[in-house]
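[1] missing the sequence, but the structure's below:
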């Protein structure tokens with residue numbers, strides 16, 4: 001195993017993405033891009049516009065649908081899959097299939113309850129895409145969509161499906177991609193997935209994801225990283241949210257800085273993070289790019 005694998009980690013977009021970002025990431029040395037979802041900022045066409053721009057990315061990329069995306073999946077999938085010839089009329093569940101992106105334009109895929117294996121810098125790793133639309137606190141968010149697309153009707157179904165994916169994952173190295181993070185990493189308002197929006201805060205992570213990660217460890221899988229957003233930095237009271245934590249040799253990363261773009265007197269800036277893998281070492285750092 002030689003070389004450094006660099007993976008771009010892009011938190012919740014909420015409308016903060018345009019073709020400048022697409023050009024920048026296309027020109028970057030990242031071998032893979034992972035998005036935590038919530039493409040749009042609330043209007044009906046905003047997420048579709050973002051998906052149209054994302055569809056022009058020329059690198060392998062996976063987009064985990066967030067809760068803001070749940071009602072737009074056919075339209076988002078049609079935009080992302082335009083250059084792959086996908087039709088919005090296809091069954092929604094088929095748009096989340098387990099596959100490696102191909103070459104050239106049209107490499108961006110929605111994901112969920114799926115496995116995606118990549119050969120990157122002479123290393124084989126698998127991204128396990130967890131439950132889409134997750135809003136946290138162990139709730140089965142958007143049950144109608146989960147039932148129609150994935151035949152998931154309960155949290156027990158979700159736990160079982162995620163464990164099956166762990167067992168089916170080829171190789172030994174895993175990255176988990178989710179919209180909301182796992183339970184068990186702290187209940188403070190500024191913890192990675194702490195509930196900053198209610199008195200007393202609390203752990204807003206999800207049990208099915210935590211169970212799958214623990215099961216992967218039991219099966220002697222090396223969990224390189226767990227990536228999820230949904231809980232934003234800064235918090236409701238303006239505090240910086242913790243965004244990375246290492247536990248049991250696994251990196252937990254929440255790159256959801258919202259808004260991810262901002263301007264001041266010196267210019268416009270755009271935020272993401274990068275995961276770097278070299279040998280047995282995995283590190284993550286924030287990246288702020290100045291437009292221009």
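    Cool, got the structure. Just so you know, these numbers come straight off a predicted model, no measurement behind them. Residues are numbered from 1 along each chain as shown.
[2] in the stretch 1-150 of the chain, what spans have low per-residue confidence?
    1-2, 42-45, 82-106 (pLDDT under 70).
[3] ok, which stretches of it are helices?
    Taking DSSP state H, counting those that start in this stretch to define them, one finds helices in the stretch 1-150 of the chain at 19-27, 46-54, 73-80, 143-150.
[4] I'd like those helices as TSV, with mean neighbour count appended.
    C-betas here are computed from N, CA, C, even on glycine. As requested, these are exported to TSV (neighbours: other CB atoms under 10 Å):
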stretch	mean neighbour count
helix 19-27	15
helix 46-54	21
helix 73-80	22
helix 143-150	16
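[5] TSV for those, including distance to residue 221?
    Shown next, in TSV, are the helices of the stretch 1-150 of the chain (distance: least, CB to CB, whole Å):
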stretch	distance to residue 221
helix 19-27	28
helix 46-54	29
helix 73-80	28
helix 143-150	22
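[6] closest to residue 195 out of those?
    helix 143-150 (21.3 Å; CB to CB).
[7] Could you tell me the angle between the closest one and helix 73-80?
    Helix 143-150 runs at 50 degrees relative to helix 73-80, counting by axes from the mean of the first three to the mean of the last three CA atoms, to 10 degrees.
[8] which helices and strands does the next helix or strand after helix 143-150 pack with?
    Where DSSP states H and E defines the elements, the next helix or strand beyond helix 143-150 is helix 155-168. With contacts defined as 3 or more CB pairs under 8 Å, 6 or more residues apart in numbering; DSSP states H and E, helix 155-168 has these neighbours: strand 114-120, strand 123-129, helix 207-218.
[9] List the contacts of helix 155-168.
    The contact list for helix 155-168, computed with CB atoms under 8 Å, 6 or more residues apart in numbering, reads 113-115, 128, 130-131, 138, 140, 146, 150-152, 174, 207-209, 211-212, 215-216, 219, 221.
[10] related to what we said a few turns ago, point out the most buried one among the helices and strands packed on helix 155-168.
    Most buried of the helices and strands packed on helix 155-168, by mean neighbour count (mean count of other CB atoms under 10 Å): strand 123-129, with a mean of 23.
[11] what about that strand, distance to the chain center?
    13 Å (CA atoms, centre = their mean, to the nearest Å).
[12] Sheet-wise, list the partners of that strand with their directions.
    Counting by DSSP bridges, the strands paired with strand 123-129 are strand 114-120 (antiparallel), strand 173-180 (parallel).
[13] and the angle from that strand to helix 207-218?
    150 degrees.
[14] ok, and what's touching strand 123-129?
    1, 3, 5, 32, 34, 62, 64, 96, 111-118, 162, 165-166, 169-171, 173-178, 212, 216, 224, 277.
[15] Would you show me how to pick out the buried ones of those in ChimeraX?
    To isolate the buried members of the contacts of strand 123-129 in ChimeraX, using 16 or more other CB atoms under 10 Å:
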select :5,32,34,62,64,96,111,112,113,114,115,116,118,162,165,166,169,173,174,175,176,177,178,212,216,224,277
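[16] how about the most centrally placed residue in the chain, what does it touch?
    Taking CA atoms, centre = their mean, the centroid of the chain lies closest to residue 36, which sits 2.8 Å from it. Contacts for residue 36 were tallied using CB under 8 Å, 6+ apart; they are 9-12, 64, 66, 177-179, 227-230, 255-256.
[17] 6 Å instead?
    Under the criterion of CB atoms under 6 Å, 6 or more residues apart in numbering, the neighbours of residue 36 are 11, 12, 64, 179, 228, 229.
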